[in-house]
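Visitor: Please find the sequence and the predicted model below.
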There are 2 protein chains.
Amino acid sequence: MALLALYPEEWLSSKIIASSLNINAVLVRKEIAVLKSGDLIESKEGKNGGVRLHKSAKKIYLSDIFKLVKGKDNVLSFSSNEPNPACRVGKKINKNLTSIMNTIDSSIINELKKQTLEEFKNKF
Amino acid sequence: MALLALYPEEWLSSKIIASSLNINAVLVRKEIAVLKSGDLIESKEGKNGGVRLHKSAKKIYLSDIFKLVKGKDNVLSFSSNEPNPACRVGKKINKNLTSIMNTIDSSIINELKKQTLEEFKNKF
DNA sequence: TGTACTGTAATAAAAATTAATACAGTTAAA
DNA sequence: TTTAACTGTATTAATTTTTATTACAGTACA
């Protein structure tokens, strides 16, 4: 997103973005789908296609990006194993943790609301 | 920790704790080492040994537990791949993200300071 | 009509996590 | 005083998750 913000007029290809991140271009294209679903970016198929911001970096808060990328999961997550339902703690732990995890996610989002992509971009 | 707080007088074995979490007892013993390093719990070797809280649950904040368990890493983390140093963004991204990640960790800690283990325990 | 893209699926490889095994050392109690 | 039940820790195996690769249909430009 910082890269897109630096070159807002250009259609940047997934290959170029992948080479900045040093990851596979297919992963980039998958994340493009996520960011498009929140209207933060737009994409163009075909030759000379690519992606660019869909709105001004001044109107994109880091929290907007975070919310999309995090999806519906919490940042902190449960053990992949089901806790023991026969245990007084195991029986209720996930419910009790959910409440804490939601609170944590909210506090992260509030923190990230304080910075726009434009401000972040200017650090490069 | 909720389990230990519910039975503060008893030495609970790693096996018992593992069966509540439904994970391997060796993993529990490894985490015991971490929690001991912060003086939150104490352990006793030998027959009828186990672990218990080292201080009142009223004096343990969820943030104390979180800080130990999280260790020196940030909750959010970098890509395991080095970003491209030849890229204007890749060159600086990790430094710029570090600052955000530290802020996020702080805000989580501040949130978790609001609740003691005693209060959490009472939800079970 | 060829080239350079996105979008997406399927599979393979790599990395990280978790489990299992083993065993030395400690303590309590039979 | 010997056995049983623990912690502590290391090593290796199994599993799960993440990331990379390959493939290909569809789109747009030149």
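Guide: Perfect, I can see it now.
Visitor: where in chain A is pLDDT low?
Guide: Chain A contains no residues with pLDDT under 70.
Visitor: Would you mind stating the distance between the most centrally placed residue in it and B:Ala57?
Guide: For chain A, the residue sitting closest to the mean C-alpha position, by Cα atoms, centre = their mean, is A:Val69 at 2.3 Å. Noted for A:Val69: a distance of 36 Å to B:Ala57, by Cβ to Cβ, to the nearest Å. (Each C-beta comes from the backbone N, C-alpha and C, glycine too.)
Visitor: swap in A:Ile100?
Guide: 16 Å.
Visitor: Helix or strand: which one has the residue of chain A most remote from its centre?
Guide: Seen from the C-alpha centroid of chain A, the residue lying at the greatest distance (Cα atoms, centre = their mean) is A:Ala86, 37.3 Å away. Per DSSP states H and E: A:Ala86 is located in neither a helix nor a strand.
Visitor: what do you get for A:Val51?
Guide: strand A:50-53.
Visitor: Show me which residues of chain A sit near DNA strand C.
Guide: Taking Cβ under 7 Å from any atom of the strand as the measure of proximity, chain A contacts DNA strand C at A:13-15, A:25-26, A:29-30, A:32-33, A:36, A:43-51, A:79-81.
Visitor: buried subset of these?
Guide: Buried members of the residues of chain A next to DNA strand C, counted by 16 or more other Cβ atoms under 10 Å in any protein chain shown: A:Ser13, A:Ser14, A:Arg29, A:Ile32, A:Ser43, A:Gly50, A:Val51.
Visitor: Same list (these) but as JSON lines, adding distance to B:Thr116 and secondary structure.
Guide: What follows is these, written out as JSON lines (distance: Cβ to Cβ, whole Å; DSSP: H, G, I helix; E, B strand; the rest coil):
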{"residue": "A:Ser13", "distance to B:Thr116": "52", "secondary structure": "coil"}
{"residue": "A:Ser14", "distance to B:Thr116": "48", "secondary structure": "helix"}
{"residue": "A:Arg29", "distance to B:Thr116": "46", "secondary structure": "helix"}
{"residue": "A:Ile32", "distance to B:Thr116": "44", "secondary structure": "helix"}
{"residue": "A:Ser43", "distance to B:Thr116": "49", "secondary structure": "strand"}
{"residue": "A:Gly50", "distance to B:Thr116": "52", "secondary structure": "strand"}
{"residue": "A:Val51", "distance to B:Thr116": "47", "secondary structure": "strand"}
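Visitor: I'd like the residues you listed as a markdown table, with distance to chain B appended.
Guide: Converted to a markdown table, these look like this (distance: Cβ to the nearest Cβ, whole Å):
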| residue | distance to chain B |
| --- | --- |
| A:Ser13 | 14 |
| A:Ser14 | 14 |
| A:Arg29 | 16 |
| A:Ile32 | 16 |
| A:Ser43 | 19 |
| A:Gly50 | 16 |
| A:Val51 | 15 |
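Visitor: Out of the residues you listed, which comes closest to A:Leu3?
Guide: Using Cβ to Cβ, A:Val51 is the member of these that sits closest to A:Leu3, with 9.9 Å.
Visitor: Provide a list of residues in contact with the spatially closest residue to A:Val51 that is not a sequence neighbour.
Guide: Among residues not flanking A:Val51 along the chain, A:Ser43 sits closest, at 4.5 Å (Cβ to Cβ, 6 or more residues apart in numbering or on different chains). Contacts here follow Cβ atoms under 8 Å, 6 or more residues apart in numbering or on different chains; on that basis A:Ser43 touches A:Ile32, A:Lys36, A:Gly49, A:Gly50, A:Val51.
Visitor: what subset of those residues is also close to DNA strand D?
Guide: Restricting the contacts of A:Ser43 to those within reach of DNA strand D (Cβ under 7 Å from any atom of the strand) leaves A:Gly49.
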